[in-house]
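K.L.:
here's my sequence, what's the structure:
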Amino acid sequence: MRDRAKKNFPRPNDPRVHRIAFMLNEEEYKAVNRYLSKYNIGNKSNWYRSTILTHILKTLEEDYPTLFNENEMRR
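P.N.:
Now for the predicted structure:
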């Protein structure tokens, strides 16, 4: 049972097999390249992945269920 639970968590060496692609317009592309150049980021794939996943995890953390809605807690 314990071994099965470990398989649910991502491991650093797990192969990445799911591809996600998206398009940028010219201004967006230039802005990303400027940022990558300014902060000496050489691994674009890792940067995109960590940036997107950081945003997703932060949003999920903020949206956790509570007993009361925000208005009731502020009273």
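
K.L.:
for the protein, what helix or strand is lowest in average pLDDT?
P.N.:
The helix or strand of the chain with the lowest confidence, counting by mean pLDDT, DSSP states H and E, is helix 2-7 at a mean of 49.

K.L.:
what's the next secondary structure element after that one?
P.N.:
helix 26-38 (DSSP states H and E).

K.L.:
tell me the gap between that next one and the middle of its chain.
P.N.:
Chain-centre distance of helix 26-38: 19 Å, with CA atoms, centre = their mean, to the nearest Å.

K.L.:
state the mean pLDDT of whichever helix in the chain runs longest.
P.N.:
The longest helix of the chain (DSSP state H) is helix 44-62. For helix 44-62, the mean per-residue pLDDT is 92.

K.L.:
just want the angle from it to helix 26-38.
P.N.:
On the basis of axes from the mean of the first three to the mean of the last three CA atoms, to 10 degrees, helix 44-62 is oriented at 100 degrees to helix 26-38.

K.L.:
downstream neighbour of helix 44-62 in the secondary structure list?
P.N.:
helix 70-74.

K.L.:
who's in contact with the longest helix of the chain?
P.N.:
Residues outside helix 44-62 that contact it (CB atoms under 8 Å, 6 or more residues apart in numbering) are L36, I41. C-beta here means a position set from N, CA and C on the backbone, and glycine is covered the same way.

K.L.:
just how off-centre is it within its chain?
P.N.:
The answer for helix 44-62 is 2 Å, by CA atoms, centre = their mean.

K.L.:
would you mark the buried spots in it?
P.N.:
Buried positions in helix 44-62, judged by neighbour count with 16 or more other CB atoms under 10 Å: none.

K.L.:
from N69, how far off is the residue nearest the centre of the chain?
P.N.:
Closest to where the C-alpha atoms of the chain average out (CA atoms, centre = their mean) is L53, at 0.8 Å. According to CB to CB, to the nearest Å, L53 stands 28 Å off from N69.

K.L.:
one more: K58?
P.N.:
20 Å.

K.L.:
ok, now I41?
P.N.:
40 Å.

K.L.:
who has more neighbours, these two?
P.N.:
I41 (13 against 8; other CB atoms under 10 Å).

K.L.:
ok, that one - contacts?
P.N.:
Neighbours of I41 in contact, by CB under 8 Å, 6+ apart: Y35, W47.
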